[in-house]
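> Sequence first, then the predicted structure, then my questions.
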Amino acid sequence: MNSSSLLRYMTTTTSKILTHNGPLCRPQIGKLARMSTNVSISQAKKERDNFLDVLPSITESLVRSPKFSEVPEVGTWLKRVLEYNLSGGKKARGLTTVFAYEMLEKPENVTEESLRLARIMGWCVEMLQAYLLVLDDMMDGSTTRRGLPCWYRLPDVGLGAINDSILIYMSIYNTLKTNFGDRPYYTDILEVFNESLLNTSIGQHLDYTMAHRNTNDYSLFTIDRYSAIVKFKTAYYTYKLPVSLGLYLAGKTNAELHKIAEDIFLELGQFFQSQDDYIDCFGDESVTGKMGTDIQEGKCTWLAVTALQLCDSKQRAEFEECYGSKDLADVQRIKRLYESLGLREIYRAHEKAAYERIVQRAHSLPSTESGDSVSPALVLKLLDMIYNRKN
(Lines give C-alpha, C1' and ligand atoms only; values in the text may rest on other atoms or scores of the structure.)
Protein backbone atom coordinates (compact mmCIF):
# COMPACT_ATOMS: atom_id res chain seq x y z
CA MET A 1 0.00 0.00 0.00
CA ASN A 2 1.48 3.37 -0.99
CA SER A 3 1.36 6.47 1.21
CA SER A 4 -1.46 8.16 -0.70
CA SER A 5 -3.75 5.14 -0.46
CA LEU A 6 -2.90 4.78 3.22
CA LEU A 7 -3.85 8.41 3.86
CA ARG A 8 -7.06 8.04 1.86
CA TYR A 9 -7.93 4.90 3.80
CA MET A 10 -7.23 6.53 7.15
CA THR A 11 -9.48 9.51 6.45
CA THR A 12 -12.44 7.22 5.82
CA THR A 13 -12.18 3.89 7.62
CA THR A 14 -10.41 4.96 10.79
CA SER A 15 -12.81 7.79 11.44
CA LYS A 16 -15.70 5.33 11.27
CA ILE A 17 -14.04 3.05 13.79
CA LEU A 18 -13.41 5.90 16.22
CA THR A 19 -16.78 7.61 16.09
CA HIS A 20 -20.25 7.28 14.68
CA ASN A 21 -21.17 10.85 15.59
CA GLY A 22 -19.33 12.91 13.01
CA PRO A 23 -16.04 13.43 11.21
CA LEU A 24 -12.73 12.78 12.89
CA CYS A 25 -11.11 15.88 14.35
CA ARG A 26 -7.53 16.56 13.32
CA PRO A 27 -5.88 18.87 15.86
CA GLN A 28 -2.12 19.21 16.05
CA ILE A 29 -0.74 16.26 17.98
CA GLY A 30 2.23 18.16 19.41
CA LYS A 31 0.07 20.82 21.03
CA LEU A 32 -2.35 18.24 22.39
CA ALA A 33 0.43 16.07 23.74
CA ARG A 34 1.80 19.02 25.71
CA MET A 35 -1.61 19.55 27.28
CA SER A 36 -1.76 15.91 28.35
CA THR A 37 -0.68 14.89 31.85
CA ASN A 38 2.36 12.73 32.52
CA VAL A 39 2.59 10.41 35.51
CA SER A 40 6.15 10.12 36.77
CA ILE A 41 7.58 6.64 37.13
CA SER A 42 8.23 7.12 40.84
CA GLN A 43 4.71 8.40 41.51
CA ALA A 44 3.17 5.56 39.50
CA LYS A 45 5.22 3.02 41.49
CA LYS A 46 4.14 4.58 44.77
CA GLU A 47 0.49 4.49 43.75
CA ARG A 48 0.79 0.87 42.70
CA ASP A 49 2.61 -0.13 45.89
CA ASN A 50 -0.05 1.54 48.04
CA PHE A 51 -2.69 -0.35 46.11
CA LEU A 52 -0.92 -3.70 46.47
CA ASP A 53 -0.46 -3.18 50.22
CA VAL A 54 -4.23 -3.37 50.77
CA LEU A 55 -4.77 -6.83 49.26
CA PRO A 56 -3.48 -9.03 52.15
CA SER A 57 -6.01 -7.55 54.59
CA ILE A 58 -8.83 -8.10 52.09
CA THR A 59 -7.81 -11.72 51.55
CA GLU A 60 -7.46 -12.41 55.28
CA SER A 61 -10.89 -10.91 55.95
CA LEU A 62 -12.44 -13.20 53.34
CA VAL A 63 -10.64 -16.30 54.61
CA ARG A 64 -11.70 -15.60 58.21
CA SER A 65 -15.36 -15.57 57.18
CA PRO A 66 -17.60 -17.67 59.50
CA LYS A 67 -18.65 -19.54 56.37
CA PHE A 68 -15.32 -21.38 56.45
CA SER A 69 -15.21 -22.17 60.18
CA GLU A 70 -16.46 -25.73 59.62
CA VAL A 71 -14.48 -26.21 56.41
CA PRO A 72 -11.19 -24.32 56.90
CA GLU A 73 -9.63 -26.12 53.94
CA VAL A 74 -12.00 -24.22 51.64
CA GLY A 75 -10.81 -20.94 53.14
CA THR A 76 -7.23 -22.03 52.54
CA TRP A 77 -8.12 -22.91 48.95
CA LEU A 78 -9.82 -19.55 48.43
CA LYS A 79 -6.66 -17.79 49.59
CA ARG A 80 -4.66 -19.71 46.99
CA VAL A 81 -7.24 -18.96 44.29
CA LEU A 82 -7.13 -15.23 45.03
CA GLU A 83 -3.37 -14.98 45.37
CA TYR A 84 -2.77 -16.78 42.07
CA ASN A 85 -5.41 -15.04 40.01
CA LEU A 86 -4.87 -11.55 41.44
CA SER A 87 -1.11 -11.64 40.99
CA GLY A 88 0.71 -9.98 38.11
CA GLY A 89 -0.85 -7.70 35.57
CA LYS A 90 -0.92 -3.93 35.50
CA LYS A 91 -3.86 -3.55 37.92
CA ALA A 92 -5.12 -0.86 35.54
CA ARG A 93 -8.80 -1.26 36.40
CA GLY A 94 -8.23 -1.21 40.14
CA LEU A 95 -5.92 1.78 39.96
CA THR A 96 -8.37 3.56 37.68
CA THR A 97 -10.94 3.33 40.47
CA VAL A 98 -8.51 4.98 42.90
CA PHE A 99 -7.46 7.67 40.41
CA ALA A 100 -11.09 8.42 39.58
CA TYR A 101 -12.01 8.89 43.23
CA GLU A 102 -8.93 10.98 44.02
CA MET A 103 -9.42 13.31 41.05
CA LEU A 104 -13.20 13.65 41.36
CA GLU A 105 -13.39 14.15 45.11
CA LYS A 106 -12.98 17.55 46.79
CA PRO A 107 -9.32 17.80 47.93
CA GLU A 108 -10.30 18.43 51.54
CA ASN A 109 -12.22 15.13 51.62
CA VAL A 110 -9.33 12.97 50.39
CA THR A 111 -7.88 11.26 53.48
CA GLU A 112 -5.86 8.13 54.12
CA GLU A 113 -9.06 6.35 55.16
CA SER A 114 -10.99 7.45 52.07
CA LEU A 115 -8.09 6.33 49.87
CA ARG A 116 -7.97 2.99 51.68
CA LEU A 117 -11.64 2.47 50.87
CA ALA A 118 -11.05 3.49 47.25
CA ARG A 119 -8.27 0.90 47.03
CA ILE A 120 -10.56 -1.77 48.48
CA MET A 121 -13.15 -0.82 45.86
CA GLY A 122 -10.42 -1.08 43.23
CA TRP A 123 -9.61 -4.60 44.36
CA CYS A 124 -13.27 -5.54 43.94
CA VAL A 125 -12.91 -4.46 40.30
CA GLU A 126 -9.74 -6.56 40.03
CA MET A 127 -11.64 -9.54 41.44
CA LEU A 128 -14.27 -9.07 38.75
CA GLN A 129 -11.46 -9.03 36.20
CA ALA A 130 -9.98 -12.23 37.67
CA TYR A 131 -13.39 -13.94 37.64
CA LEU A 132 -13.89 -13.06 33.97
CA LEU A 133 -10.37 -14.09 32.94
CA VAL A 134 -10.58 -17.52 34.58
CA LEU A 135 -13.69 -18.26 32.52
CA ASP A 136 -12.41 -16.52 29.38
CA ASP A 137 -9.21 -18.57 29.40
CA MET A 138 -11.24 -21.77 29.59
CA MET A 139 -13.56 -20.72 26.77
CA ASP A 140 -10.64 -19.69 24.56
CA GLY A 141 -8.42 -22.65 25.46
CA SER A 142 -5.62 -20.27 26.45
CA THR A 143 -2.39 -21.62 27.91
CA THR A 144 -0.77 -18.69 29.71
CA ARG A 145 -1.92 -15.60 31.53
CA ARG A 146 0.45 -12.92 32.86
CA GLY A 147 3.44 -15.17 32.29
CA LEU A 148 1.98 -18.11 34.25
CA PRO A 149 -0.11 -21.14 33.25
CA CYS A 150 -3.80 -20.32 33.15
CA TRP A 151 -5.48 -21.31 36.41
CA TYR A 152 -7.49 -24.15 34.86
CA ARG A 153 -4.26 -25.56 33.38
CA LEU A 154 -2.82 -26.38 36.80
CA PRO A 155 -2.85 -30.16 37.43
CA ASP A 156 -4.90 -29.94 40.63
CA VAL A 157 -7.42 -27.43 39.26
CA GLY A 158 -8.82 -28.37 35.84
CA LEU A 159 -12.58 -27.93 35.52
CA GLY A 160 -12.69 -27.05 39.20
CA ALA A 161 -11.76 -23.58 37.94
CA ILE A 162 -15.46 -23.06 37.17
CA ASN A 163 -16.32 -23.32 40.86
CA ASP A 164 -13.24 -21.30 41.77
CA SER A 165 -14.48 -18.48 39.57
CA ILE A 166 -17.68 -18.43 41.63
CA LEU A 167 -15.60 -18.18 44.81
CA ILE A 168 -13.84 -15.16 43.32
CA TYR A 169 -17.13 -13.62 42.25
CA MET A 170 -18.75 -14.01 45.67
CA SER A 171 -15.63 -12.52 47.25
CA ILE A 172 -16.52 -9.26 45.50
CA TYR A 173 -19.88 -9.00 47.22
CA ASN A 174 -18.58 -10.12 50.60
CA THR A 175 -15.90 -7.43 50.42
CA LEU A 176 -18.38 -4.78 49.32
CA LYS A 177 -20.80 -5.63 52.14
CA THR A 178 -18.06 -5.64 54.78
CA ASN A 179 -16.61 -2.28 53.79
CA PHE A 180 -19.48 -0.36 52.19
CA GLY A 181 -22.66 -1.96 53.52
CA ASP A 182 -23.51 1.08 55.66
CA ARG A 183 -22.78 3.67 52.96
CA PRO A 184 -25.62 5.58 51.27
CA TYR A 185 -24.32 4.55 47.84
CA TYR A 186 -24.15 0.81 48.66
CA THR A 187 -27.10 -0.21 46.48
CA ASP A 188 -25.78 2.01 43.68
CA ILE A 189 -22.42 0.26 43.56
CA LEU A 190 -24.09 -3.15 43.66
CA GLU A 191 -26.15 -2.11 40.65
CA VAL A 192 -23.04 -0.88 38.83
CA PHE A 193 -21.26 -4.21 39.38
CA ASN A 194 -24.34 -6.16 38.27
CA GLU A 195 -24.74 -3.99 35.18
CA SER A 196 -21.06 -4.40 34.30
CA LEU A 197 -21.21 -8.17 34.60
CA LEU A 198 -24.34 -8.34 32.43
CA ASN A 199 -22.80 -6.09 29.77
CA THR A 200 -19.57 -8.06 29.79
CA SER A 201 -21.50 -11.33 29.48
CA ILE A 202 -23.35 -9.92 26.46
CA GLY A 203 -20.03 -8.96 24.91
CA GLN A 204 -18.52 -12.33 25.72
CA HIS A 205 -21.44 -14.05 23.99
CA LEU A 206 -21.00 -11.90 20.88
CA ASP A 207 -17.26 -12.51 20.89
CA TYR A 208 -17.58 -16.26 21.38
CA THR A 209 -20.33 -16.83 18.81
CA MET A 210 -18.51 -14.73 16.21
CA ALA A 211 -15.42 -16.90 16.69
CA HIS A 212 -17.36 -20.18 16.58
CA ARG A 213 -19.49 -19.72 13.49
CA ASN A 214 -20.45 -22.85 11.57
CA THR A 215 -19.73 -21.22 8.23
CA ASN A 216 -16.85 -19.36 6.64
CA ASP A 217 -19.04 -16.28 6.28
CA TYR A 218 -17.28 -13.09 7.36
CA SER A 219 -20.09 -10.71 6.44
CA LEU A 220 -20.57 -9.86 10.12
CA PHE A 221 -16.93 -8.80 10.50
CA THR A 222 -17.91 -5.13 10.28
CA ILE A 223 -16.94 -1.99 12.16
CA ASP A 224 -20.39 -1.78 13.74
CA ARG A 225 -20.32 -5.37 15.02
CA TYR A 226 -16.73 -4.99 16.22
CA SER A 227 -17.61 -1.77 18.08
CA ALA A 228 -20.58 -3.49 19.75
CA ILE A 229 -18.42 -6.38 20.94
CA VAL A 230 -15.82 -3.99 22.36
CA LYS A 231 -18.41 -1.78 24.02
CA PHE A 232 -20.00 -4.66 25.89
CA LYS A 233 -17.06 -7.00 26.48
CA THR A 234 -14.32 -4.51 27.32
CA ALA A 235 -15.27 -0.86 27.62
CA TYR A 236 -17.93 -1.13 30.31
CA TYR A 237 -15.92 -2.95 32.94
CA THR A 238 -12.52 -1.54 31.98
CA TYR A 239 -13.46 2.14 32.21
CA LYS A 240 -17.14 2.80 32.84
CA LEU A 241 -17.22 0.62 35.98
CA PRO A 242 -14.11 2.04 37.74
CA VAL A 243 -15.03 5.65 36.95
CA SER A 244 -18.65 5.18 38.08
CA LEU A 245 -17.39 3.74 41.35
CA GLY A 246 -15.03 6.70 41.76
CA LEU A 247 -17.95 9.07 41.25
CA TYR A 248 -20.04 7.31 43.89
CA LEU A 249 -17.14 7.27 46.35
CA ALA A 250 -16.87 11.03 45.82
CA GLY A 251 -20.59 11.43 46.53
CA LYS A 252 -21.45 12.30 42.94
CA THR A 253 -24.72 10.59 42.06
CA ASN A 254 -26.01 12.94 39.34
CA ALA A 255 -27.25 10.76 36.45
CA GLU A 256 -26.29 13.38 33.87
CA LEU A 257 -22.71 13.44 35.14
CA HIS A 258 -22.51 9.65 35.01
CA LYS A 259 -23.74 9.75 31.40
CA ILE A 260 -21.09 12.31 30.43
CA ALA A 261 -18.44 10.08 32.00
CA GLU A 262 -19.83 6.99 30.30
CA ASP A 263 -19.65 8.54 26.83
CA ILE A 264 -15.99 9.58 27.01
CA PHE A 265 -14.78 6.47 28.81
CA LEU A 266 -16.55 4.06 26.48
CA GLU A 267 -14.58 5.71 23.68
CA LEU A 268 -11.40 5.20 25.69
CA GLY A 269 -12.42 1.54 25.97
CA GLN A 270 -12.59 1.27 22.17
CA PHE A 271 -9.09 2.72 21.98
CA PHE A 272 -7.85 0.25 24.60
CA GLN A 273 -9.29 -2.79 22.80
CA SER A 274 -7.85 -1.90 19.40
CA GLN A 275 -4.47 -1.77 21.17
CA ASP A 276 -5.11 -5.20 22.67
CA ASP A 277 -5.95 -6.59 19.23
CA TYR A 278 -2.73 -5.21 17.76
CA ILE A 279 -0.62 -6.48 20.67
CA ASP A 280 -2.18 -9.95 20.45
CA CYS A 281 -0.87 -10.27 16.90
CA PHE A 282 2.31 -8.21 16.85
CA GLY A 283 3.27 -8.00 20.55
CA ASP A 284 6.32 -9.58 22.18
CA GLU A 285 5.22 -12.58 24.25
CA SER A 286 8.08 -12.02 26.70
CA VAL A 287 6.57 -8.59 27.39
CA THR A 288 2.85 -9.41 27.22
CA GLY A 289 3.11 -12.57 29.32
CA LYS A 290 0.72 -14.48 27.09
CA MET A 291 0.60 -16.06 23.66
CA GLY A 292 -1.62 -14.29 21.15
CA THR A 293 -4.51 -16.48 20.00
CA ASP A 294 -6.96 -14.16 18.24
CA ILE A 295 -6.10 -15.48 14.76
CA GLN A 296 -6.34 -19.13 15.83
CA GLU A 297 -9.68 -18.49 17.52
CA GLY A 298 -11.11 -16.59 14.56
CA LYS A 299 -11.88 -13.52 16.68
CA CYS A 300 -13.55 -10.42 15.31
CA THR A 301 -10.69 -7.97 15.91
CA TRP A 302 -9.70 -4.52 14.70
CA LEU A 303 -7.03 -6.13 12.51
CA ALA A 304 -9.40 -8.66 10.96
CA VAL A 305 -12.13 -6.11 10.24
CA THR A 306 -9.65 -3.64 8.75
CA ALA A 307 -7.97 -6.34 6.66
CA LEU A 308 -11.27 -7.45 5.16
CA GLN A 309 -12.00 -3.87 4.12
CA LEU A 310 -8.68 -3.71 2.26
CA CYS A 311 -8.44 -7.20 0.74
CA ASP A 312 -8.83 -7.84 -2.95
CA SER A 313 -10.57 -11.05 -4.00
CA LYS A 314 -7.39 -13.14 -3.90
CA GLN A 315 -6.37 -11.85 -0.49
CA ARG A 316 -9.86 -12.37 0.87
CA ALA A 317 -9.81 -15.98 -0.30
CA GLU A 318 -6.53 -16.50 1.55
CA PHE A 319 -7.99 -14.86 4.67
CA GLU A 320 -11.06 -17.09 4.58
CA GLU A 321 -8.90 -20.17 4.06
CA CYS A 322 -6.52 -19.49 6.96
CA TYR A 323 -8.31 -17.38 9.55
CA GLY A 324 -9.47 -19.36 12.56
CA SER A 325 -7.02 -22.20 11.86
CA LYS A 326 -4.82 -23.48 14.68
CA ASP A 327 -2.17 -24.55 12.16
CA LEU A 328 0.84 -22.31 12.82
CA ALA A 329 1.56 -22.13 9.09
CA ASP A 330 -1.91 -20.65 8.52
CA VAL A 331 -1.41 -18.22 11.39
CA GLN A 332 1.82 -17.02 9.78
CA ARG A 333 0.04 -16.61 6.44
CA ILE A 334 -2.51 -14.32 8.10
CA LYS A 335 0.26 -12.31 9.73
CA ARG A 336 2.04 -11.96 6.39
CA LEU A 337 -1.25 -10.86 4.84
CA TYR A 338 -1.61 -8.21 7.54
CA GLU A 339 1.94 -7.05 6.80
CA SER A 340 1.32 -6.88 3.05
CA LEU A 341 -1.81 -4.78 3.66
CA GLY A 342 0.22 -2.31 5.70
CA LEU A 343 -1.74 -2.90 8.90
CA ARG A 344 1.15 -1.92 11.17
CA GLU A 345 1.26 1.54 9.59
CA ILE A 346 -2.52 1.83 9.47
CA TYR A 347 -2.77 0.91 13.14
CA ARG A 348 -0.19 3.52 14.15
CA ALA A 349 -2.17 6.16 12.28
CA HIS A 350 -5.36 4.89 13.91
CA GLU A 351 -3.82 5.05 17.39
CA LYS A 352 -2.53 8.58 16.83
CA ALA A 353 -5.89 9.76 15.50
CA ALA A 354 -7.72 8.18 18.44
CA TYR A 355 -5.35 9.83 20.89
CA GLU A 356 -5.89 13.23 19.29
CA ARG A 357 -9.65 12.87 19.35
CA ILE A 358 -9.87 11.77 22.99
CA VAL A 359 -7.55 14.56 24.17
CA GLN A 360 -9.64 17.12 22.34
CA ARG A 361 -12.86 15.70 23.78
CA ALA A 362 -11.35 15.77 27.28
CA HIS A 363 -10.89 19.53 27.00
CA SER A 364 -14.43 20.14 25.81
CA LEU A 365 -16.47 17.94 28.16
CA PRO A 366 -19.81 19.53 29.11
CA SER A 367 -20.92 20.31 32.65
CA THR A 368 -24.22 19.34 34.23
CA GLU A 369 -26.91 21.89 35.06
CA SER A 370 -25.64 21.84 38.65
CA GLY A 371 -22.11 22.66 37.51
CA ASP A 372 -20.56 19.22 38.02
CA SER A 373 -18.08 17.98 35.42
CA VAL A 374 -15.68 15.15 34.71
CA SER A 375 -12.10 16.23 35.28
CA PRO A 376 -10.18 16.48 31.96
CA ALA A 377 -7.07 15.57 33.95
CA LEU A 378 -8.60 12.18 34.79
CA VAL A 379 -9.29 11.40 31.13
CA LEU A 380 -5.77 12.46 30.16
CA LYS A 381 -4.15 10.51 32.98
CA LEU A 382 -5.93 7.30 31.99
CA LEU A 383 -5.16 7.92 28.32
CA ASP A 384 -1.47 8.46 29.02
CA MET A 385 -1.39 5.23 31.03
CA ILE A 386 -2.13 3.23 27.89
CA TYR A 387 -0.86 5.29 24.96
CA ASN A 388 1.87 3.41 23.06
CA ARG A 389 1.66 0.52 25.53
CA LYS A 390 3.33 -2.80 24.73
CA ASN A 391 1.26 -5.10 26.95
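Sure thing, it's come through. For clarity, every value in this text was computed on a predicted model and none was experimentally measured.
> mind checking the SS state of the residue nearest to the spatial centre of the chain?
By Cα atoms, centre = their mean, the mean C-alpha position of the chain lies nearest to residue 238, the distance being 4.0 Å. Assigned by DSSP: H, G, I helix; E, B strand; the rest coil, the conformation of residue 238 is helix.
> Correct me if wrong: it contacts residue 272.
Yes: Residue 238 is within contact range of residue 272, at 6.0 Å (criterion: Cβ atoms under 8 Å). For glycine as for every other residue, the C-beta is placed from the backbone atoms N, C-alpha and C.
> got the contact list for stretch 370-386?
35-39, 92, 96, 99-100, 103-104, 239, 243, 252, 254, 256-257, 260-261, 264-265, 268, 271-272, 275, 355, 358-359, 361-363, 365-367 (Cβ atoms under 8 Å, 6 or more residues apart in numbering).
> Those residues in strands, which ones?
In strands, defined here by DSSP state E, there are no members of the contacts of stretch 370-386.
> Show me which of the residues you listed are buried.
The neighbour-count test (16 or more other Cβ atoms under 10 Å) marks 36, 92, 96, 99-100, 103-104, 239, 243, 252, 257, 260-261, 264-265, 268, 271-272, 275, 355, 358-359, 361-362 as buried among those.
> List the residues that contact residue 235.
Listed by Cβ under 8 Å, 6+ apart, the contact set of residue 235 reads 265, 266, 268, 269, 270, 272, 273.
> Isn't residue 239 up against residue 272?
Yes: here residue 239 reaches residue 272: they are 7.4 Å apart, a contact under Cβ under 8 Å.
> List phi and psi for residue 149.
phi -60, psi 140 (degrees, to the nearest 10).
> If you could redo that for residue 181, that was the one I meant.
phi -60, psi -30.
> what's the pLDDT at it?
In the predicted model, residue 181 carries a pLDDT score of 97.
> Okay, it and residue 187: tell me how far apart.
As judged by Cβ to Cβ, to the nearest Å, residue 181 and residue 187 stand 10 Å apart.
> What of residue 116?
According to Cβ to Cβ, residue 116 stands 22 Å off from residue 187.
> who's more crowded, these two?
Shown here are residue 116 and residue 187; by other Cβ atoms under 10 Å, residue 116 has more neighbours (16 against 9).
> measure that one to residue 177 for me?
Remark: distance between residue 116 and residue 177 (Cβ to Cβ) = 17 Å.
> again, but for residue 383
Taken as Cβ to Cβ, the span from residue 383 to residue 177 is 34 Å.
> The two - which one has more neighbours?
More neighbours surround residue 383 than the other of residue 383 and residue 177, with 20 against 12 (other Cβ under 10 Å).
> and the more buried one, what element?
Assigned by DSSP states H and E, residue 383 falls within helix 376-386.
> Now do the domain split for the chain, please.
Following automatic domain parsing, the chain resolves into domains at 1-20+186-391, 39-182.
> Can you tell me which of the ones you listed has the worst average pLDDT?
Mean pLDDT is lowest for domain 1-20+186-391 out of the domains of the chain, coming in at a mean of 89.
> now the residue sitting furthest away from the middle of the chain, what's its secondary structure?
The centre of the chain is farthest from one residue, residue 70, which by Cα atoms, centre = their mean lies 38.1 Å away. Assigned by three-state DSSP, the conformation of residue 70 is coil.
> how near is it to residue 180?
With Cβ to Cβ as the criterion, residue 70 and residue 180 are 27 Å apart.
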